[in-house]
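Engineer: Provided below for reference: sequence and predicted model.
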Amino acid sequence: MDINDDPEVRAARKRWLAGGSALPVVELLASRGAKIEAGTYARLALAKPDCPDAAELKAVLAGLSSPPSGWDEALAGFARAPSADTWRDLIRFVPEDSLYLRLRDVVVRLRELGLDGDTIFQHASEAGLTPDLIELVEQGGVSVRTLEHRAAHAGGAKSTYFGLAAQAAFLRGDMLGTVRLLRQSLAYENDLCSAYPHVEFIRERATPAQVNILDRAGIPLLE
């Protein structure tokens, strides 16, 4: 049975949508082993101003990836002195089935510790691209240079990373760079990676003058 069809989960979710706390939904999902779904609901709730039970939700969220003893100290140590070696030490023994959730936790926690976006992206994206890393780019927290460097070593994911670099260029007002990087993203498209989300992000935010530049450059229109 789909976890979202579980009667208890549905009832708890209904109470949350009616104005209650998301904590019972998150705890139920976590207890059923649906950790990714639990994390999704926790983040949705925490994104709202004045979230009820925020401290408890953060505690559940932090525990979903089963961090070992000393994890907080290890994260703080990496934030103080980030390097390839300390990053490898940080994630070396993370179980494969916990890696996605642990990476999401790492990105959020390192941002809270004040580590710059370029350093976070440079290291965390080596293990995979998470929604938190994409959000970091879309908030202007990652430089074009960092994203282009990552794209050059991204194998079959070049389209995605060049597309993210185009978004970063756009957010900085560099339309020539935006067009150049979108063209690269389009050139590296494959069955798994598309330039479409990046074109969409840029076109939806572009001014009429910027749209004209995109049109003249042959960047595809949104359907």
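Structural biologist: In hand now; what should we look at?
Engineer: any regions of this structure where pLDDT drops low?
Structural biologist: Counting by pLDDT under 70, the chain shows low-confidence ranges at 1-2, 4, 222-223.
Engineer: which stretches of it form helices?
Structural biologist: 7-17, 23-31, 35-46, 54-63, 71-80, 84-91, 99-112, 117-124, 131-138, 144-152, 158-171, 175-187, 196-205, 208-216 (DSSP state H).
Engineer: packing partners of the fourth one?
Structural biologist: Using 3 or more Cβ pairs under 8 Å, 6 or more residues apart in numbering; DSSP states H and E as the contact criterion, the neighbours of helix 54-63 among helices and strands are helix 23-31, helix 35-46, helix 99-112. Bear in mind the C-beta positions are built from the backbone N, C-alpha and C, glycine included.
Engineer: deepest-packed of the helices of the chain, please.
Structural biologist: Across those, averaging neighbours per residue (mean count of other Cβ atoms under 10 Å) puts helix 158-171 on top, at a mean of 26.
Engineer: convert the C-alpha atoms of that helix to PDB, please.
Structural biologist: This file holds the C-alpha atoms of helix 158-171, laid out as PDB (Å, rounded to 0.1, in the frame of the first residue of the first chain):
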ATOM      1  CA  LYS A 158      26.600  18.300 -18.000                       C
ATOM      2  CA  SER A 159      23.300  19.600 -19.200                       C
ATOM      3  CA  THR A 160      22.000  20.100 -15.700                       C
ATOM      4  CA  TYR A 161      25.100  21.800 -14.300                       C
ATOM      5  CA  PHE A 162      25.500  24.100 -17.400                       C
ATOM      6  CA  GLY A 163      21.800  25.000 -17.000                       C
ATOM      7  CA  LEU A 164      22.400  25.800 -13.300                       C
ATOM      8  CA  ALA A 165      25.400  27.900 -14.300                       C
ATOM      9  CA  ALA A 166      23.100  29.800 -16.800                       C
ATOM     10  CA  GLN A 167      20.700  30.500 -13.900                       C
ATOM     11  CA  ALA A 168      23.500  31.900 -11.800                       C
ATOM     12  CA  ALA A 169      24.600  34.100 -14.700                       C
ATOM     13  CA  PHE A 170      21.100  35.300 -15.200                       C
ATOM     14  CA  LEU A 171      20.700  36.200 -11.500                       C
END
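Engineer: thinking again about what came up before, how about the helices and strands packed on helix 54-63 in a markdown table, adding distance to Thr160?
Structural biologist: Converted to a markdown table, the helices and strands packed on helix 54-63 look like this (distance: least, Cβ to Cβ, whole Å):
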| stretch | distance to Thr160 |
| --- | --- |
| helix 23-31 | 29 |
| helix 35-46 | 20 |
| helix 99-112 | 16 |
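Engineer: between those helices, which one is nearest to Arg216?
Structural biologist: For Arg216, the closest of those is helix 99-112, at 36.9 Å, according to Cβ to Cβ.
Engineer: that's all I had, so thanks and see you.
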